[in-house]
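**Q** make a model of this:
(chains A and B)
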Protein chains: 2
Amino acid sequence: MNNKAIGLFDSGVGGLTVLKALLQELPRENYIYLGDTARLPYGTKSKETIIRYALQCTEKLMENDLKMLVVACNTVSSVALPSITEKYPHIQIVGVVEPGAEAACQSTKNNHIAVLGTESTIKGKAYDKAILAINPKAVITGKPCPLFVGMAEEGILKGHLAEEMAKHYLKDILKQEHIPDTIVLGCTHFPLLKEAIQNVVGKDIHLVDSAQTTAKKVHAMLISSNALSDRAEGTIHFLTTDDIAKFRAVGEPFLGFSLNSSHVELVDL
Amino acid sequence: MNNKAIGLFDSGVGGLTVLKALLQELPRENYIYLGDTARLPYGTKSKETIIRYALQCTEKLMENDLKMLVVACNTVSSVALPSITEKYPHIQIVGVVEPGAEAACQSTKNNHIAVLGTESTIKGKAYDKAILAINPKAVITGKPCPLFVGMAEEGILKGHLAEEMAKHYLKDILKQEHIPDTIVLGCTHFPLLKEAIQNVVGKDIHLVDSAQTTAKKVHAMLISSNALSDRAEGTIHFLTTDDIAKFRAVGEPFLGFSLNSSHVELVDL
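**A** So this is what the prediction gives:
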């Protein structure tokens, strides 16, 4: 048993979809969530900048006594995970890419998989590497969809405009000779647009949401290291680098419950 | 005569529309342009964060011997201009809000003016104050349109999707009892979407682009302070806080010419 906290971070509120999945999977754990909202989005930034910011986020979270670090951001998981692991070798670190890749490989029947993500996630090809390591026959098409991030944050989640944007991003993939049967929502914001994306691609294509698969992986790792919490109920502490009221307001649909009574602390990195 | 450089900064490439207008208006001047691309967008950040970043940008530009500072960003002009002026009282500083407000007041006949901008620009109400100072009868409707920024940067400038997004943002304004006859494009990115916006609002509504009016104001100020350059041709030096190749690629449509042969320097703030 181990009642230390699990630290999570993301460039903003997107990682709250991972926290939501963790709260459902592991409600007895203590969580510390850091959203670097002042500097979001990470997904359009260069690799060097993302690594620098990711190490600063990790350092901030490490001021607490953690048993595990969850990198709840596809961009950081794709680009900066090796740098974080190298600097912090003594803590278990979980990204969102590997669990998503595993779920995609379990889902596909025709070996054609598409990955939607931010520019950096797609450019970094981390999903390609993770998928090919499991299934070398897989054919992967990556598509950057940066405006999905802003749409999720503005609450444009379904209806004509959301579907037009989905069509814009997906038209080339849906015109391919071999259309993928599995699409990875490779950004923690994208599950909020799942309905609009599903309407555009049709019901025969399976959408993989890596938040849930990441939560299952965390659960399995805590079991194998005998580090589950034995508390009756867990706690959540939020850290943000920008306006607290905005973090509460924008975060709510991602987390699925109101943040009004939660403690949110402003920090500078 | 004064051959010192004019410094400009923006959160990213949007301010290049202001530089473009300046190059047309004042081709003999030397320009130093700083785009804080690593931390863009500013427009969704809090006032305190924007002021902090704006002072860092100003400090970087002030390492050069400048004769004037142009805040080529509506968000910073709306939120941080007093803080910059207070810290740097000995240099002429021009923002983009006042020139835009003046142009809007010259254009309107029914005294109903709409302002489109980022969240921070609209929330800060700087356009409202600047317009009312000139025309106290003006009725101003502000509308945050944050996704226009990403669309301009991704090159989604016209056609069905751009117009659908414009309809989304403008529908309430176009349903008002008194429809504005003048709309201020209160973000340096928005002139790129001018055609799509004009198609949605119709040709009877005048769109004000503050880049051009800012260039005219800079010209007038240099004349009154007897500080025009007497060089045959000016120079341009670019600074960016993120990937240089991306700055060149995304900046080109804003500036209207290729940045491939221009000197772009990576700086850390």
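**Q** so what's the gap between stretch A:194-209 and the chain middle?
**A** In terms of C-alpha atoms, centre = their mean, to the nearest Å, the centre of stretch A:194-209 is set 18 Å apart from its chain centre.
**Q** contacts for the helix or strand where A:H168 lies?
**A** Remark: A:H168 resides in helix A:160-174, with elements defined by DSSP states H and E. If you take C-beta atoms under 8 Å, 6 or more residues apart in numbering or on different chains as the criterion, helix A:160-174 is touched by A:114, A:116, A:141, A:143, A:145, A:147-148, A:151, A:156, A:179-180, A:183, A:193, A:196-197, A:199-201, B:156, B:160-161, B:164-165, B:168. Heads up, the C-betas are built off the backbone N, CA and C, glycines and all.
**Q** before we move on, what about stretch A:248-266?
**A** Applying C-beta under 8 Å, 6+ apart, the set of residues contacting stretch A:248-266 from outside is A:12-14, A:16-17, A:19-20, A:35, A:152-153, A:155, A:157, A:188-189, A:192, A:236-242, A:244, A:247.
**Q** try 7 Å
**A** Outside stretch A:248-266, the residues that touch it by C-beta atoms under 7 Å, 6 or more residues apart in numbering or on different chains are A:13-14, A:16-17, A:19-20, A:153, A:155, A:192, A:236-240, A:244, A:247.
**Q** equivalent analysis for stretch A:63-75, please.
**A** Applying C-beta under 7 Å, 6+ apart, the set of residues contacting stretch A:63-75 from outside is A:2, A:4-11, A:14-15, A:18-19, A:32, A:42-43, A:50, A:58, A:61, A:77, A:81, A:84, A:91-97, A:117-118, A:120-121, A:186-188, A:214, A:218, A:227.
**Q** ends of that stretch, what's the gap?
**A** Its start and end residues considered, stretch A:63-75 measures 23 Å (C-alpha to C-alpha, to the nearest Å).
**Q** excluding chain neighbours, what is closest to whatever residue of the stretch 1-150 of chain A ends up closest to chain B?
**A** Per C-beta to the nearest C-beta, the residue of the stretch 1-150 of chain A with the smallest distance to chain B is A:S46, at 3.9 Å. Distance criterion C-beta to C-beta, 6 or more residues apart in numbering or on different chains; nearest residue to A:S46, sequence neighbours excluded, is B:D243 at 3.9 Å.
**Q** wait, that neighbour touches A:K47, no?
**A** No: when contacts are counted by C-beta atoms under 7 Å, B:D243 is not listed as touching A:K47 (8.5 Å).
**Q** who's more crowded, these two?
**A** For B:D243 versus A:K47, the count of surrounding residues by other C-beta atoms under 10 Å in any protein chain shown is larger for B:D243: 20 against 16.
**Q** mind pulling up the pLDDT for the more buried one?
**A** Among the per-residue scores, B:D243 holds a pLDDT of 90.
**Q** cool, the one 10 residues further on as well?
**A** In the predicted model, B:P253 carries a pLDDT score of 89.
**Q** cool, and the one 5 residues further on?
**A** With respect to pLDDT, B:S258 has a value of 90.
**Q** ok, how many other residues are close to it?
**A** Summarising burial for B:S258: neighbours were counted as other C-beta under 10 Å, giving 11.
**Q** and A:L116, what does it touch?
**A** A:K143, A:C145, A:I183, A:V184, A:L185, A:G186, A:C187, A:F190.
**Q** quick one, helices of chain A?
**A** Counting by DSSP state H, one finds helices in chain A at the ranges A:16-25, A:47-61, A:74-79, A:81-87, A:97-107, A:119-124, A:126-134, A:147-154, A:160-174, A:194-201, A:210-224, A:244-255.
**Q** residues in contact with the fifth one?
**A** Taking contacts as C-beta under 7 Å, 6+ apart, the residues outside helix A:97-107 that touch it are A:74, A:77-78, A:113, A:126-127, A:130-131, A:134-135, A:138, A:182, A:184, A:186, A:206, A:208, A:210, A:213-214, A:217.
**Q** hang on, the earlier thing: buried members of the contacts of stretch A:63-75 into ChimeraX, please.
**A** What follows is the ChimeraX syntax for the buried subset of the contacts of stretch A:63-75, where burial is set by 16 or more other C-beta atoms under 10 Å in any protein chain shown:
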select /A:5,6,7,8,9,10,11,14,15,18,19,32,42,43,50,58,61,77,81,84,92,93,94,95,96,97,117,118,120,121,186,187,188,214,218,227
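**Q** can you count the residues close to A:K171?
**A** Residues contacting A:K171 under the criterion other C-beta under 10 Å number 11.
**Q** let me redo that: A:V115
**A** When neighbours are counted by other C-beta under 10 Å, A:V115 registers 31.
**Q** kindly report the same for A:D204.
**A** 7.
**Q** please name the nearest non-neighbouring residue to it.
**A** Distances taken as C-beta to C-beta, 6+ apart put A:D181 closest to A:D204, at 7.0 Å, once the chain neighbours are dropped.
**Q** didn't the one you found look like it was pressed against A:I113?
**A** No: the pair A:D181 / A:I113 is not scored as a contact, 8.0 Å apart, by C-beta under 7 Å.
**Q** who's more crowded, the two?
**A** Taking neighbours as other C-beta under 10 Å, A:D181 and A:I113 compare with A:I113 leading, 26 against 16.
**Q** okay, the more buried one and A:E48: tell me how far apart.
**A** From A:I113 over to A:E48 the distance is 29 Å, taken as C-beta to C-beta, to the nearest Å.
**Q** repeat for A:L259
**A** Using C-beta to C-beta, A:L259 is found at 32 Å from A:E48.
**Q** so which of those two has more stuff around it?
**A** A:L259 (21 against 14).
**Q** burial count for the residue lying closest to that one once chain neighbours are set aside?
**A** Spatially, and ignoring its direct neighbours in sequence, A:L259 is nearest to A:R248 (4.1 Å; C-beta to C-beta, 6+ apart). For A:R248, the neighbour count with other C-beta under 10 Å is 19.
**Q** ditto for A:F148
**A** When neighbours are defined as other C-beta under 10 Å, A:F148 has 27 of them.
**Q** hmm, it is touching A:L193, no?
**A** Yes: with the criterion set as C-beta under 7 Å, A:F148 and A:L193 qualify as a contacting pair; they are 5.7 Å apart.
**Q** any idea how chain A splits into domains?
**A** With automatic domain parsing serving as the domain definition, the record reports that chain A contains domains spanning A:5-95+A:212-266, A:98-210.
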